[in-house]
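Asker: Sequence isn't available, so here's the structure alone:
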């Protein structure tokens, strides 16, 4: 598992999440642990390294 830190697009607080580098690409929805708003998260791993990460407000 890889821990990645980023800012919530709603409250701008820094949060972290654990990601599985064995999954090459995925998009999913997760609530911010601070403000509870839903975020759409997209990750891309290449050879076990995080090569792309995007987080955005859901439905925006």
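Answerer: Yep, that arrived. Everything quoted here is computed from the prediction, not taken from an experiment.
Asker: Phi and psi next, for the most far-flung residue of the chain relative to its centre.
Answerer: Going by C-alpha atoms, centre = their mean, the residue of the chain most distant from its centre is residue 47, 18.6 Å out. Taking degrees, to the nearest 10, you get phi 50, psi 40 for the backbone angles of residue 47.
Asker: can you tell me how far it sits from residue 32?
Answerer: 30 Å (C-beta to C-beta, to the nearest Å). C-beta coordinates here come from the backbone N, C-alpha and C atoms, glycine included.
Asker: Just give the nearest non-adjacent residue to the residue positioned nearest the centre of the chain, would you?
Answerer: Geometric centre of the chain, nearest residue: residue 41, 4.2 Å, by C-alpha atoms, centre = their mean. Nearest residue to residue 41, sequence neighbours excluded (C-beta to C-beta, 6 or more residues apart in numbering): residue 55, at 5.1 Å.
Asker: now do residue 20
Answerer: Counting by C-beta to C-beta, 6+ apart, residue 1 is the residue found nearest to residue 20 once chain neighbours are left out, at 6.1 Å.
Asker: now swap in residue 57 and tell me
Answerer: Nearest non-adjacent residue to residue 57, counting by C-beta to C-beta, 6+ apart: residue 9, 4.9 Å away.
Asker: burial of that neighbour, as a residue count?
Answerer: Residue 9: 15 surrounding residues under other C-beta atoms under 10 Å.
Asker: Which residues does stretch 46-60 contact?
Answerer: Identification of contacts with stretch 46-60 by C-beta atoms under 8 Å, 6 or more residues apart in numbering yields 2, 4, 6, 8-10, 19, 21-22, 24, 29, 37-45.
Asker: which residues touch residue 2?
Answerer: Residues near residue 2 by C-beta under 8 Å, 6+ apart: 18-21, 50.
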